[in-house]
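> give me a model of this one.
(4 chains)
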Protein chains: 2
Amino acid sequence: MAQRRVTLAQVAEEAGVSSTTASFVLSGRTDMRISPDAQRRVREASDRLGYRPNLTARGLRTKVTHTFGLVSDIIASSGYAGEIIRGAVDEAATHQHMLFVGETQGDADLERQLVQELFDRQVDGLVYAVLGPRPCVPPETLRHRPAVLLQCIADGFDLPKVMPDDAQAGRESARALMVVGHREGVYAIGAHHRTEAHPAGIPAGLARMNGVEEVMAEHGTRLAGALQCTWEPAEGFAAVRSLLDSGVRPRALICANDRVAMGAYQALQEDGLRIPEDTSVVSVDNSDLATWLRPALSSVDLPYYEMGRLSVRLLAEPGDANGVHRVPMRMVARDSVAAPAG
Amino acid sequence: MAQRRVTLAQVAEEAGVSSTTASFVLSGRTDMRISPDAQRRVREASDRLGYRPNLTARGLRTKVTHTFGLVSDIIASSGYAGEIIRGAVDEAATHQHMLFVGETQGDADLERQLVQELFDRQVDGLVYAVLGPRPCVPPETLRHRPAVLLQCIADGFDLPKVMPDDAQAGRESARALMVVGHREGVYAIGAHHRTEAHPAGIPAGLARMNGVEEVMAEHGTRLAGALQCTWEPAEGFAAVRSLLDSGVRPRALICANDRVAMGAYQALQEDGLRIPEDTSVVSVDNSDLATWLRPALSSVDLPYYEMGRLSVRLLAEPGDANGVHRVPMRMVARDSVAAPAG
DNA sequence: GGCCTGAGCTAAATCGAATTAGCCTGAGTA
DNA sequence: TACTCAGGCTAATTCGATTTAGCTCAGGCC
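Now for the predicted structure:
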């Protein structure tokens, strides 16, 4: 199958020098004096034979493998969070690294094992990521190794942490409505995500609602109501449905994400309410869905790609990066917001 | 930072044996006779010291790294195709392998380089994947190495190839309509994807339409029309819009994918047509979108996860696997299909 | 002539495992 | 007694690079 690989020793022989010399020439080290003639011979031999260094051997000797790992619970599987992987892969590539990807589906044992495995493979660093911002307990191994936590709230760990700036997302959502004049009849759909599974709400929900309330207070007003539900289309639909059924005609909806907004659209359109003339809608995610809806949905960008990138950058250029790095979340304005009628 | 790793030699010393003996015990080889007592001592020493083998060193010696690579153009970034990665990662894990993931955004040079890099890292095999089924030219290196092509139509390459069974998808779509009695007014939306960029259509479109026509012919009927457009919501909307504007009231739509179906929903609902009472809709993708739409969309499953899995399985268990492996595409029935009224 | 210096290069060690080729001991056998 | 043999183990090599330590030779200087 695979024809025998050419080794450095063969290149050296072909060039008529020692493998030491060949190594110095090919790794471009200038602190050793090699004659131009020898350099040329080595390079020519290398090209002629099609030499490629065995990175496994190099890694063994240098203890640097030019390799990072990304361990997550359910990133790849979850729609656009795959962008995290793409960001991480891209940034790794710019640093001449390859990326190992592992997923655990939340299984803690598997997780510990995976992290261990990656370090057994001598990765130079490891990103430990979870799908959404939430408290979690990374394997202890990470304490003593180069690692970055992504969306993972873990107080005891003195590592760089990358988080989306959810409070800003809330502020941007509210601000988009405030600037066009909305003050009354503004409802949050999904809100803190206070559900059976999360009676106190989820971190992203809490932070965003803080941001919303802060900006509305600045404008001398407040939410007309906050409907709690999971952040899926059917529940968004049901929440808005109940609002409409109780006789409320909301002037604006701040939806927890694009999926909730999709449900909201369905309910509003079912009752013949026009977006944005009758009801403005803003949301968070800036997923493709936002562009697919009619009218296109104004939505705060959830910077998965950027978070993946930043995480790997913090591995590649460590510096003094411990602590929380918040990645900005900006409103992407489309066609679902208008000034309140009347 | 990282405390010094324990080596096999240290375990051996702690156990009072040679590293050869330790190696035999820990790798569980039985062809060498080691006394039960020595075995116990080695194991205890290993546990006590927390020994973990250096897989880089092992890989150098054995030339087997327990590592696969996945190179693609734009998998991770593209919504649910990320499932390919998850399937590949999962299957790799069941074979005790880790997966390198690389993306090239379609840049051929980068691609060649990436493939080369992966083999420099001594991967045991490589999946070369593209987003949708299409003709493509893998790097030559793949000819002489363990590799699998995923959705990649490349005649000259004598490798295992994994493809979705698009013809079956077409058959399943049509069949879902035929069995409830549709014969007239059935339109394909998106169809072959004959657009400026692809005047002859795209492979998936051609195969699916063949399947559709085959089944309809079996039932003594044919499509009332096939509207060509790219497979995005806005174009699906426009296509159905034009149909409606020309006075046609379609009884059933066979949509190229869930996004097109979403556009179709929008157009139908805009005109007050009820799904499925007035118009049935079927589609392909079985993405989350299908469950989010109201009514939930009957859609043929696009088995990304399974394709990722199978690709890696073909690397892990080579056998005589060259040639095309078609992964089944099955209808997932939901609420968007009903018998034609009247 | 002897000594020093630096340019140019190489031998050998090293990384941490797996593996090959034996070595030693005591029991069994002729 | 001498010789085999098997059980139990180890020394040394190997994988393919990097890196340390040091060698050789020519030229310059006193």
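> where's A:Leu49 relative to A:Ala147, distance?
39 Å (CB to CB, to the nearest Å). (Each C-beta comes from the backbone N, C-alpha and C, glycine too.)
> more neighbours, the two?
Taking other CB atoms under 10 Å in any protein chain shown, A:Leu49 and A:Ala147 do not tie; A:Ala147 has more neighbours (25 against 16).
> buried residues of the strand ranked longest in chain A, list them for me.
Longest strand in chain A, counting residues (DSSP state E): strand A:125-135. Neighbour-count burial for strand A:125-135, counted by 16 or more other CB atoms under 10 Å in any protein chain shown, picks out A:Gly125, A:Leu126, A:Val127, A:Tyr128, A:Ala129, A:Val130, A:Leu131, A:Gly132, A:Pro133.
> of those, closest to DNA strand C?
Relative to DNA strand C, the closest of the buried residues of strand A:125-135 is A:Gly125; by CB to the nearest atom of the strand it sits at 18.1 Å.
> which residues touch A:Arg43?
A:Val25, A:Leu26 (CB atoms under 8 Å, 6 or more residues apart in numbering or on different chains).
> swap in A:Glu111?
A:Val71, A:Asp73, A:Thr104, A:Pro139.
> for these, pick the one with the most neighbours.
Of the contacts of A:Glu111, with other CB under 10 Å as the count, A:Val71 tops at 27 neighbours.
> state the distance from that residue to B:Val337.
Counting by CB to CB, the gap from A:Val71 to B:Val337 is 42 Å.
> just to revisit the earlier point, widest-spaced pair of the contacts of A:Glu111?
Taking CB to CB, the two most distant members of the contacts of A:Glu111 are A:Asp73 and A:Pro139; they sit 12.8 Å apart.
> can you pull out the strands in the stretch 1-150 of chain A?
Using DSSP state E, counting those that start in this stretch, the strands of the stretch 1-150 of chain A run over residues A:67-72, A:98-103, A:125-135, A:147-153.
> let's have the ones you listed in CSV, adding distance to DNA strand D and mean pLDDT.
Shown next, in CSV, are these (distance: least, CB to the nearest atom of the strand, whole Å; pLDDT from 0 to 100):
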stretch, distance to DNA strand D, mean pLDDT
strand A:67-72, 15, 94
strand A:98-103, 17, 91
strand A:125-135, 19, 92
strand A:147-153, 24, 94
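> which among the ones you listed is found nearest to DNA strand C?
Short answer: strand A:67-72, nearest of the strands of the stretch 1-150 of chain A by CB to the nearest atom of the strand, at 15.7 Å.
> find the closest residue to chain B in chain A.
A:Gly82 (3.3 Å; CB to the nearest CB).
> report the separation between that residue and A:Ile75.
From A:Gly82 to A:Ile75 the distance is 7 Å (CB to CB).
> do A:Leu223 as well
Taking CB to CB, one finds A:Leu223 at 32 Å from A:Ile75.
> more neighbours: which of the two?
Between A:Leu223 and A:Ile75, A:Ile75 has the larger neighbour count (other CB under 10 Å), namely 29 against 17.
> for the more buried one, what are its contacts?
For A:Ile75, the contact set (CB under 8 Å, 6+ apart) comprises A:Ala81, A:Gly82, A:Ile84, A:Ile85, A:Glu103, A:Ala129, A:Leu131.
> do a quick rundown of the helices in the stretch 201-342 of chain A.
A:203-218, A:233-245, A:258-270, A:288-292, A:304-316 (DSSP state H, counting those that start in this stretch).
> same list (the ones you listed) but as a markdown table, adding mean pLDDT, mean neighbour count and distance to A:Glu13.
Formatted as a markdown table, the helices of the stretch 201-342 of chain A follow (pLDDT from 0 to 100; neighbours: other CB atoms under 10 Å in any protein chain shown; distance: least, CB to CB, whole Å):
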| stretch | mean pLDDT | mean neighbour count | distance to A:Glu13 |
| --- | --- | --- | --- |
| helix A:203-218 | 97 | 21 | 61 |
| helix A:233-245 | 97 | 21 | 67 |
| helix A:258-270 | 96 | 25 | 62 |
| helix A:288-292 | 94 | 21 | 56 |
| helix A:304-316 | 95 | 24 | 36 |
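> relative to A:Ser23, which of those is closest?
Per CB to CB, nearest to A:Ser23 of the helices of the stretch 201-342 of chain A: helix A:304-316, 24.8 Å.
> just the C-alphas of the closest one, formatted as PDB.
Extracted in PDB, the C-alpha atoms of helix A:304-316 (Å, rounded to 0.1, in the frame of the first residue of the first chain):
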ATOM      1  CA  TYR A 304     -19.500  30.700  17.500                       C
ATOM      2  CA  TYR A 305     -16.800  30.900  14.900                       C
ATOM      3  CA  GLU A 306     -15.000  33.700  16.700                       C
ATOM      4  CA  MET A 307     -15.200  31.800  20.000                       C
ATOM      5  CA  GLY A 308     -13.600  28.800  18.400                       C
ATOM      6  CA  ARG A 309     -10.900  30.900  17.000                       C
ATOM      7  CA  LEU A 310     -10.200  32.800  20.100                       C
ATOM      8  CA  SER A 311     -10.000  29.700  22.200                       C
ATOM      9  CA  VAL A 312      -7.300  28.200  20.000                       C
ATOM     10  CA  ARG A 313      -5.500  31.500  19.700                       C
ATOM     11  CA  LEU A 314      -5.200  31.600  23.500                       C
ATOM     12  CA  LEU A 315      -3.600  28.200  23.300                       C
ATOM     13  CA  ALA A 316      -1.200  29.200  20.600                       C
END
